[in-house]
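Q: Pasting the sequence and the predicted model now:
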There are 4 protein chains.
Amino acid sequence: MSSIYYGHLTVSIFGQSHGPGIGVTMDGLPAGETVNPEELRAFLARRAPGRDPWSTTRKEGDEPEFLSGLWEGVTCGAPLTAVIRNTNTRSGDYAGLKDIPRPGHADYTAQMKYGGFQDAAGGGHFSGRLTAPLCIAGGVCKQLLARRGIFVGGHIAAIGGVADTSFDPVGLTQSELLAPGERPFPVLNEAAGEEMKAVIAAARAERDSVGGVVECAVLGLPPGLGDPMLEGMENRIARLVFAIPAVKGVEFGAGFRAAELRGSENNDAFIMDGERVTTRTNHAGGILGGITTGMPLVFRAAVKPTPSIGREQDSVSLSRRENTKLVVHGRHDPCIVPRAVPCMEAVAAIAVYDALLEQEQTYQRRRDL
Amino acid sequence: MSSIYYGHLTVSIFGQSHGPGIGVTMDGLPAGETVNPEELRAFLARRAPGRDPWSTTRKEGDEPEFLSGLWEGVTCGAPLTAVIRNTNTRSGDYAGLKDIPRPGHADYTAQMKYGGFQDAAGGGHFSGRLTAPLCIAGGVCKQLLARRGIFVGGHIAAIGGVADTSFDPVGLTQSELLAPGERPFPVLNEAAGEEMKAVIAAARAERDSVGGVVECAVLGLPPGLGDPMLEGMENRIARLVFAIPAVKGVEFGAGFRAAELRGSENNDAFIMDGERVTTRTNHAGGILGGITTGMPLVFRAAVKPTPSIGREQDSVSLSRRENTKLVVHGRHDPCIVPRAVPCMEAVAAIAVYDALLEQEQTYQRRRDL
Amino acid sequence: MSSIYYGHLTVSIFGQSHGPGIGVTMDGLPAGETVNPEELRAFLARRAPGRDPWSTTRKEGDEPEFLSGLWEGVTCGAPLTAVIRNTNTRSGDYAGLKDIPRPGHADYTAQMKYGGFQDAAGGGHFSGRLTAPLCIAGGVCKQLLARRGIFVGGHIAAIGGVADTSFDPVGLTQSELLAPGERPFPVLNEAAGEEMKAVIAAARAERDSVGGVVECAVLGLPPGLGDPMLEGMENRIARLVFAIPAVKGVEFGAGFRAAELRGSENNDAFIMDGERVTTRTNHAGGILGGITTGMPLVFRAAVKPTPSIGREQDSVSLSRRENTKLVVHGRHDPCIVPRAVPCMEAVAAIAVYDALLEQEQTYQRRRDL
Amino acid sequence: MSSIYYGHLTVSIFGQSHGPGIGVTMDGLPAGETVNPEELRAFLARRAPGRDPWSTTRKEGDEPEFLSGLWEGVTCGAPLTAVIRNTNTRSGDYAGLKDIPRPGHADYTAQMKYGGFQDAAGGGHFSGRLTAPLCIAGGVCKQLLARRGIFVGGHIAAIGGVADTSFDPVGLTQSELLAPGERPFPVLNEAAGEEMKAVIAAARAERDSVGGVVECAVLGLPPGLGDPMLEGMENRIARLVFAIPAVKGVEFGAGFRAAELRGSENNDAFIMDGERVTTRTNHAGGILGGITTGMPLVFRAAVKPTPSIGREQDSVSLSRRENTKLVVHGRHDPCIVPRAVPCMEAVAAIAVYDALLEQEQTYQRRRDL
């Protein structure tokens, strides 16, 4: 059950980087929802590589074909399945990975788990390419949420130690939220963005890579979404966010910083904003007890530096049981953080839409009584 | 489906803080496993309050009764259900929470979700008390893992900004791993521990509270545990760790620090240690592609300061739609971090045991061919 | 995951016949639903043994205690857990079952699956006693459904070849549906009932047992409940009905008889009944494509004769690997069919309520657009 | 979550009859299993229409393409996804189904559930065509089972009241089990087969259709497969079998006939067959307490007559809310029972393989201790 998100909405991901195709099945979408293909294409383009100097030059034709679930462009109640064909594959780049595993990649663990039967080409099912179907699912959810006044956006919070301005967790507006996504390099502070690009360029020049942090927020949430314990908004998002290769940490609201605060500082006082209940601060990141407060939902995810680097690295030969050297060839991003931004938005959108589907149940139920 | 962890092992938590009882059902445990009640009791005692100056003085009789799943003290294949009766409840402490929600608690979000039907006494199903059944499940898993040479341990990594020594992610030994759990205040560095206690005492004196960070590790793991994408070790642990109230972040290995490193620094070079494949460093925290490398699995979780503080706080009256003041009475921990340590161990043990159950399948299968 | 029904509502059953207690957890119930304890008790009494000459004389104190999920008698959003203590156990009756398995029971298969670690006393987790928690869950669902105008009822359709009148699948009224449940021996045709009782008495006199068929119907269903393929109403009910020990077959509407009809006979013509779409006949049993038509949902389940009989039977000694004889002692029903009627109602209620929870989602969604 | 079978193996079906494609994703297959494409093609051909005078003349190019999960023809641990393109569609045949629903079809219920947004062409997701991906999944499982000495076979037990010889539930041999599948018209008794063909021809001549019963068996099962209550072999098979459109009943072993027997007749006495435990009779159909006994697993499913018939039928106009007449045009099977045989084998194979995956866990575990 490796590649399935279960919930009111079920999202099942399939494919290998260099296999015939990759894709996604969404089961549980209500009928009657239009899927706007241009909007989806634009969203997927934000994840696609090959557009910019800071990403790999490999081109991917990330054009999804909908095999199921639509009738005249509108969801029809059947599971929605979209497929992207893999066209531009170079299997020759990846020979020998089963014997000499690349540091920081899943080559070794896949070998241990699948005993040599894994598809190692391009990382197989472990490839970052599998975030494309995740973005299809998330892109569809984003459209459905936007129609209900709920908006998901993200930006690069930091790259290689250079920090962007943060989202204002209390006063964040829709235009501030969505602005970064419209830029090729999604930051709030363009000066910081230039500095980040310099950091990336420096790493590239040294055949190295850099990591970073993505910040994501959701606006327009009603209070009351999510569940206690295992199905809280944090649990749902966390479970999904670690499906993105390279993510090594996630925090909500003040997150790890909250660990250094006192209760009197960290507690968000409730205050009335006209007729609406709000909080003065938002260290909770819009979530209390797993359930949305109605304030912006804010989280950050740590993205490790791309493990594929052009430098010679130490590794071992699994067959010969001895130390050896390895040089990874091929085209690779010196920094995947910009492309990770839409992926974070995608998982946030899936988690929020899943919770929304469930909440409608609860509310409907109350109306009945 | 709020309170169920699904996997090869299913763990379902029930109960409210001040209801008749709380408990857990584990479905999927194999038959033939002895559950050692003394060992379990000792583990639960680590979570129980009322033992120490730094925790609440409220006593809880956390004595689990096994209603199902055991025959003569050994698992029999039926679902394993354990119940703890709630005896020491003071419902009077909690009146009015439905109107004036406590900052930092789930009172407001529960009200929004359940429309006033929630059990607000003591936080109801949102109470930290619900970690007791989680620790029963985790304690059982810890026993089963230990019998297979897999050990789970944790310590306080920081409280209020005071840091403990970290686990050595490469050379960690079993005795270093398990030592903190045997101490009333689980730290590696006793001097740091004394400093933390002073921080807690200061917060208590000011009717305030402090948060912290728990670090947890798993030793003895075979390589190859866990799955790609949605069922990686990170996904499983993250999904469970946010079931512990007050957790606001989780990171694996170098975590957020990895975001500041270059690939050449963060990549863990493979090296042979005799016949065994190891890594020179362990920034991955023992997980690549969601799957264990065989190195120590290490994660840290941020625990926010206890939201219950004795100071007057700002809140609102939901009925009157106006700002008001609130003083939370009752007995509360100025710092729950020490008690959170066994909870983190519990969720790690559940996640690891779940993955282990699945892996045996894979290996068995290969042997057949 | 043996004992969990997953859906929008999750129902998890635990306990062994002679263990400390049995029970059920329902996760996913909306908050704000009153659970009427008297009504539930009356429903459970229909399943309880010891009331009548045709059932075992063993008394069971089937008084459920709600540990979780209620606040002042109303669902509060937390998982609802109810427990029944086992008081009247005679473990001495069941010695030796691990060596000489009873024909028709799960003794042998449990031994094969659990390797001797199973709790064999009274059948352990395989006991018919485990239908009591199933009836708690079903009884709660029945109450919630009745409040929405949906009624579930059943009767004995046949015992030992003697048939009761069938429900009229087209014109069935609420009073006809519910009448059998109010009788100690739930039949429509009292004369047939007397004949059945004679058949049971004859079997008892010969230390034998008889099987039968239960017919169950649901009235008041809106059209549009259920899903295609794996989550159709038939799939849901079938999955649940085989949780009742002794059930060996299930059919919907014309069922196996439909296999002998021509399409022109079996197709249910649509006709208007005023403004309402109905069907002239109801061979479909109210289900097309897994989804309710709005006509009465009707199914029948075959119940095998109680395997526990007083006669000497052939079996084997598993330890000695040789044929042997076996006499089953203890108190047993010569016919469990009357007690199986509320169990069938329970599983129908769970399946229907689960589908209803989901449908509200769909409808709500459509209203939004 | 309509179209997903959850278990140790997860099978997710997608597609609509006249959409771009249909397919299946299997998640949880172990790595290292060869999928033989010729064998799979031969199995799918048994389900495909257009081969015989008794089926529709519509041709389907049921050539599956594997997009994911294979590497050089062997499972690689990634989810296995296969797609069949829909090429031969005549959407014109199906106009107007949203207004005037065909009796016996899901047109009306789909309209009620999806509010007009459903894809009605060819029945959409409700079409019998969706059994093709089910057969891909089942065909793969059959191959994996056969490699472990477990064989699944089926035959037409009856058509329009004409009965075939039944499988011998005690002495069934592998060659008897597999023989029917090798014939174009899968029966044991060829004379009965000829009679059935005459029945079908007569129905066709009268623009009518006939139903029937399929009997399926599994040989070579170890004792101990399956679980109590909700995950018994009956529950798993039943849940899957009702995914096949037109199935209206299922029974295991003696099934509904058991309801007429006495316990002394229906109980299967255990007897030693050399060192092996067997039963003298097999009314249980190889399942006790949901778990396999090691005897042949036998079940029968009732298939209703094809609802598509050439005769004029009564229906209603949903828009005009009035009675009307309907003639269904297009090419349709007068009897789908022969094509349903491989579908039953497929669902049996999925259910058994799912249980086998789980059992290996249990056994492995015991070996460890």
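A: Yep, that arrived.

Q: can we go C-alpha only for contacts and neighbour counts from here?
A: OK.

Q: Name the spans of chain A whose pLDDT lies under the cut-off.
A: A:1, A:50-61, A:88-95, A:360-369 (pLDDT under 70).

Q: For it, what lies in contact range of chain D?
A: Residues of chain A lying near chain D by C-alpha under 8 Å from any C-alpha of the partner chain: A:1-3, A:8-10, A:13-16, A:19-22, A:25, A:27-28, A:30-32, A:66-71, A:74-81, A:114-115, A:117-119, A:125.

Q: hmm, 6 Å instead?
A: Within chain A, the positions near chain D by C-alpha under 6 Å from any C-alpha of the partner chain are A:1, A:14-15, A:20-21, A:27-28, A:31-32, A:67-68, A:71, A:76, A:78-79, A:114, A:117-119, A:125.

Q: So what's the residue count around the closest residue to chain C within the stretch 151-300 of chain A?
A: Nearest to chain C in the stretch 151-300 of chain A, going by C-alpha to the nearest C-alpha, is residue A:228, at a distance of 8.4 Å. Residues lying near residue A:228 (other C-alpha atoms under 10 Å in any protein chain shown) number 27.

Q: The nearest residue to it once chain neighbours are set aside and residue C:252, how far apart?
A: Spatially, and ignoring its direct neighbours in sequence, residue A:228 is nearest to residue A:290 (5.3 Å; C-alpha to C-alpha, 6 or more residues apart in numbering or on different chains). Distance of residue A:290 to residue C:252, computed by C-alpha to C-alpha, to the nearest Å: 42 Å.

Q: Same check on residue A:304?
A: In terms of C-alpha to C-alpha, residue A:304 sits 56 Å off from residue C:252.

Q: Which one's more surrounded, these two?
A: Neighbour count, other C-alpha under 10 Å: between residue A:304 and residue C:252, residue A:304 has more, with 36 against 29.

Q: In contact with that one, which residues are there?
A: A:211, A:246, B:258, B:259 (C-alpha atoms under 6 Å, 6 or more residues apart in numbering or on different chains).

Q: residues contacting the first one?
A: Read that as residue A:211. Residue A:211 is in contact with A:159, A:160, A:303, A:304, A:305, B:259, counting by C-alpha under 6 Å, 6+ apart.

Q: Give the burial count for residue A:173, as a bare number.
A: As a burial measure, residue A:173 scores 14 neighbours (other C-alpha under 10 Å).

Q: picking up where we left off before, any chance of the contacts of residue A:304 in TSV, with secondary structure too?
A: Putting the contacts of residue A:304 into TSV (DSSP: H, G, I helix; E, B strand; the rest coil) gives the following:
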residue	secondary structure
A:211	coil
A:246	coil
B:258	helix
B:259	helix
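
Q: From the contact counts, what lies against the helix or strand that contains residue A:196?
A: Taking DSSP states H and E as the definition, residue A:196 sits inside helix A:190-205. Applying 3 or more C-alpha pairs under 6 Å, 6 or more residues apart in numbering or on different chains; DSSP states H and E, we find helix A:190-205 packed against no helix or strand.

Q: who touches it?
A: By C-alpha under 6 Å, 6+ apart, helix A:190-205 touches A:159, A:164, A:209, A:334.

Q: Might one say that the second one is in contact with residue A:157?
A: Yes. Between residue A:164 and residue A:157 a contact is recorded at 4.9 Å, counting by C-alpha atoms under 6 Å.

Q: elements contacting the longest helix along chain A?
A: Counting residues, the longest helix found in chain A (DSSP state H) is helix A:337-368. Contacts defined by 3+ C-alpha pairs under 6 Å, 6+ apart place helix A:337-368 against helix A:131-146, strand A:151-159, helix A:233-241, helix C:337-368.

Q: if we can go back for a sec, give me the subset of the residues of chain A next to chain D that lies in helices.
A: Among these, the members falling in helices (DSSP H) are residue A:114.

Q: so which strand or helix has residue A:39?
A: Judged by DSSP H and E, residue A:39 forms part of helix A:37-47.

Q: Name the residues that touch that helix?
A: For helix A:37-47, contacts defined as C-alpha under 6 Å, 6+ apart pick out A:139, A:339.

Q: same thing but 7 Å
A: A:135, A:139, A:140, A:339, A:340, A:342 (C-alpha atoms under 7 Å, 6 or more residues apart in numbering or on different chains).

Q: Name the nearest of these relative to chain D.
A: Nearest to chain D among those: residue A:140, at 17.1 Å, using C-alpha to the nearest C-alpha.

Q: Look at the closest one and say how many residues are nearby.
A: Residue A:140, neighbours per other C-alpha under 10 Å, totals 24.

Q: Same question for the one 4 residues further on.
A: The criterion is other C-alpha under 10 Å. On that basis, residue A:144 has 19 neighbouring residues.

Q: excluding its backbone neighbours, what's nearest it?
A: Leaving out its chain neighbours, the residue that sits closest to residue A:144 by C-alpha to C-alpha, 6+ apart is residue A:33, at 7.2 Å.

Q: Tell me if residue A:285 really is in a strand.
A: No. Assessed with three-state DSSP, residue A:285 is coil; it does not lie in a strand.

Q: In contact with it, which residues?
A: Contacts of residue A:285 by C-alpha under 7 Å, 6+ apart are A:169, A:252, A:253, A:254, A:296, A:297, A:298, A:299.

Q: Among those residues, which are located in strands?
A: A:252, A:297, A:298, A:299 (DSSP state E).
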